[in-house]
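[1] Below are the sequence and a predicted model for it; my questions follow.
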Amino acid sequence: MNALPTTVVADQSGHIIDWPEIKAAGRSGRLIIPIAPGLLIPLPEGSTLYLLPHRRAIGFGNAGMQESGKKYSAVAAFLPPGYVALSLAAYKSEKNAPPLPLFCYCAICWYKGKFHVPAIRIDHDPKHDPACFDMKKVNMEINRWLRKHPKNRLVSHHGLNCVRKYGCPNAANLFLKRWEAPIAVSNACNAACKGCISKQKSGSVQASQERIDFIPTVDEIVEIAVPHLEKAPRAMISFGQGCEGEPLLRGELIESAIREIRRKTKRGTIHINTNGSFPEIVKRLAHAGLDSIRISLNSSQHDLYSAYYRCRNYSFDDVLRTFSVAQKAGLWISVNYLTFPGTTDDITEVTSFKKLIHKYKPHMIQWRNLNIDPEWYINTTEQACTGTSATPIGLDVLISQIRKQFPKIRHGYFNPPVRHL
Ligand code: SF4
């Protein structure tokens, strides 16, 4: 008989061990289910294991679901970029357990003598791979840029905050003059996503990055964007980063910057990561020379989207209009689909997402794990979920269905360069 995966726990001194008599469980929405061996891959290099405080491990024993009591804490894995979590960590929270920080908590188990996770690799691009970064060189380049551009606040923001404080790979790639480089422009947002990584009001959870605290000038943007686009391999600059709010709130600034950049160079891709709230602004950016847009969604359903994004001066219909505008303008369109097992693969969401794809024909779906405390997300969105009573089909099944039904769509995690001049 083939052995089944067993539960991974942390003992009272924090050592991560397996609990061999208890079969591993994972979470899909509110469902706690055994982890199927067919979903497992060895724990990817670059993953981080988390001990989940105030959360007791759960698994399946001979008598059914079993809780560890205070003996063991639950453990989860944070996966490196490019991997999609198919099942989240299963645990029982203690009363008044504080919310977990903003990460994705993938289930982890012990199988065939090593750690495994229910996940798939969706993107093989190594551009965020720690092995690709010589940090000594990055730091030397930051110092050199600071001397060369002493007045450019974007250089100090991306160098001193993004690289040195937060270890942002895109920002490091700016200083290494390669691939996708960030240009942060907006200190404000018109949404209040529950899991926003750059602003949290609740006080119980910390934003993982600080927002930019100034608005750059066109000159500051152009000064770093043009040399990057002219020289970098697979050159790309992106507005809309983890260290800012919504870039479309700085539409005029971006429009002027794009015009100036395109006056100086036709090379490389100009891209924006956005919540897609202002279709008219996207139209103007496309006229100015924007090449590519990535629109973020936690859901393709109005209510579920609104429950999480908590939009202020726009609605989900505006986001759909942005898809339409981008399609008409011939932009490369990616959906940044923030996945959550049990919600994203719920049949109501699956049906509605396929309709969105059919209608707006995005070129790419970026499958990204939603970084949030699972129970926090479920409690926030539960009222808006119309179909969670059914058994979810599985994110792996959803991805393979979309591959079959929409064979032209690219699947991945990273923004691809789409203009190679
Ligand atoms: S749209 Fe982006 S910046 Fe705005 S609240 Fe949501 S995650 Fe934060």
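    Received it, and whenever you're ready, just let me know what you need.
[2] Any idea which residue of the stretch 301-421 of the chain lies closest to the ligand?
    When scored by C-beta to the nearest ligand atom, the stretch 301-421 of the chain has Tyr309 as its residue closest to the ligand, at 6.1 Å. Where C-beta positions appear, they are placed from N, C-alpha and C, glycine not excepted.
[3] my guess is that residue meets Asn275, correct?
    Yes - between Tyr309 and Asn275 there is a contact under C-beta atoms under 8 Å: 6.8 Å.
[4] which residues are common contacts for those two?
    Both Tyr309 and Asn275 are contacted by Ala191, under the criterion C-beta atoms under 8 Å, 6 or more residues apart in numbering.
[5] quick one: low-confidence ranges for this protein?
    By pLDDT under 70, the low-scoring segments of the chain are 1-2, 202-203, 386-390, 420-421.
[6] Tell me the residues of it that contact the ligand?
    For the chain, the residues in contact with the ligand (C-beta under 6 Å from any ligand atom) are 189, 191-193, 196, 198-199, 245-246, 275.
[7] cutoff 8 Å now
    The chain has residues 189-193, 195-199, 211, 240, 244-246, 275, 296, 309-310 near the ligand, with proximity defined as C-beta under 8 Å from any ligand atom.
[8] Quickly find the element holding Leu174.
    Using DSSP states H and E, Leu174 falls within helix 169-175.
[9] Can you tell me what sits against that helix?
    With C-beta under 8 Å, 6+ apart, helix 169-175 has contacts from 127-128, 133, 135, 138, 141-142, 145, 158-159, 162-163, 179-182, 224, 228, 238, 241.
[10] For Gln209, give me its contacts.
    Gln209 touches 161-162, 166, 168, 197-198, 242-243, counting by C-beta under 8 Å, 6+ apart.
[11] residue boundaries of the helices in the stretch 101-250 of the chain?
    Secondary structure of the stretch 101-250 of the chain by DSSP state H, counting those that start in this stretch: the helices cover 135-148, 153-156, 169-175, 218-231.
[12] Just give me the neighbour total for Ile258.
    Ile258: 26 surrounding residues under other C-beta atoms under 10 Å.
[13] show me what contacts the nearest residue in space to it that is not next to it in sequence?
    Of all residues not flanking Ile258 in the chain, Ala288 sits nearest, at 4.2 Å (C-beta to C-beta, 6 or more residues apart in numbering). Going by C-beta under 8 Å, 6+ apart, Ala288 touches 255, 258-259, 262.
[14] Of the residues you listed, grab the buried ones for PyMOL.
    Those of the contacts of Ala288 that count as buried under 16 or more other C-beta atoms under 10 Å are selected in PyMOL with:
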select buried, resi 255+258+262
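[15] Indicate the residue of the stretch 251-400 of the chain located nearest to the ligand.
    The ligand sits closest to Asn275 of the stretch 251-400 of the chain, with a gap of 4.1 Å, by C-beta to the nearest ligand atom.
[16] List the contacts of that residue.
    Asn275 neighbours (C-beta under 8 Å, 6+ apart): 189-191, 246, 248, 295-296, 309, 314, 319.
[17] ranking the helices of the stretch 101-250 of the chain by burial, who's on top?
    Mean neighbours per residue, mean count of other C-beta atoms under 10 Å, is largest over these for helix 169-175, with a mean of 25.
[18] now it: how far from the chain's centre is it?
    Its chain's C-alpha centre and that of helix 169-175 lie 17 Å apart, by C-alpha atoms, centre = their mean, to the nearest Å.
[19] Kindly state the beta-bridge partners for Pro42.
    Taking DSSP bridges as the rule, Pro42 bridges to His116.
[20] Pull the contacting residues for it.
    Contact analysis of Pro42 by C-beta under 8 Å, 6+ apart lists 114-116.
[21] how near is it to the ligand?
    32 Å (C-beta to the nearest ligand atom, to the nearest Å).
[22] and if you look at Gly26?
    Applying C-beta to the nearest ligand atom to Gly26 and the ligand gives a distance of 26 Å.
[23] number of nearby residues for that residue?
    27.
[24] residue nearest the centroid of the protein?
    Nearest to the mean C-alpha position of the chain, by C-alpha atoms, centre = their mean, lies Arg368 at 4.3 Å.
[25] Show the contacting residues for the residue nearest to Lys92 when sequence neighbours are not counted.
    The shortest distance from Lys92 to any non-neighbouring residue, by C-beta to C-beta, 6+ apart, is to Arg56 (4.8 Å). Taking C-beta under 8 Å, 6+ apart as the criterion, Arg56 is in contact with 67-70, 72-74, 91-94.
[26] Please apply the same query to Ala24.
    Contacts for Ala24 (C-beta under 8 Å, 6+ apart) come out as 4-8, 34-35, 59-60, 107, 109-111.
[27] out of these, which one sits closest to Pro20?
    Ranked by distance to Pro20 (C-beta to C-beta), the contacts of Ala24 are led by Thr6 at 5.2 Å.
[28] give me the beta-bridge partners of that closest one?
    With DSSP bridges as the rule, Thr6 is bridged to Lys23, Trp110.
[29] just to revisit the earlier point, and the residue nearest to the centre of the chain, helix, strand or coil?
    Three-state call for Arg368 (DSSP: H, G, I helix; E, B strand; the rest coil): strand.
[30] Give the bridge partners for it, please.
    Applying DSSP bridges, one finds that Arg368 bridges with Leu338.
[31] Identify the residues contacting it.
    Counting by C-beta under 8 Å, 6+ apart, Arg368 touches 84, 336-339, 413.
[32] what's the farthest-apart pair in these?
    For those, the farthest-apart pair by C-beta to C-beta is Val84 and Asn336; their separation is 12.9 Å.
[33] Looking at the two now, which is surrounded by more residues?
    In this view Val84 and Asn336 are compared by other C-beta under 10 Å, and Val84 has more residues nearby, 25 against 21.
[34] Could you say which helix or strand holds that one?
    Going by DSSP H and E, Val84 is in strand 83-85.
[35] From the contact counts, what lies against the helix or strand that that strand is followed by?
    Per DSSP H and E, strand 83-85 leads on to strand 88-89 as the next helix or strand towards the C-terminus. Under the contact definition 3 or more C-beta pairs under 8 Å, 6 or more residues apart in numbering; DSSP states H and E, strand 88-89 sits against strand 16-28, strand 73-78.
[36] Thr391: which of those is closest?
    strand 16-28 (8.3 Å).
[37] The closest one relative to strand 73-78, how many degrees between them?
    In terms of direction (axes from the mean of the first three to the mean of the last three C-alpha atoms, to 10 degrees), strand 16-28 departs from strand 73-78 by 70 degrees.
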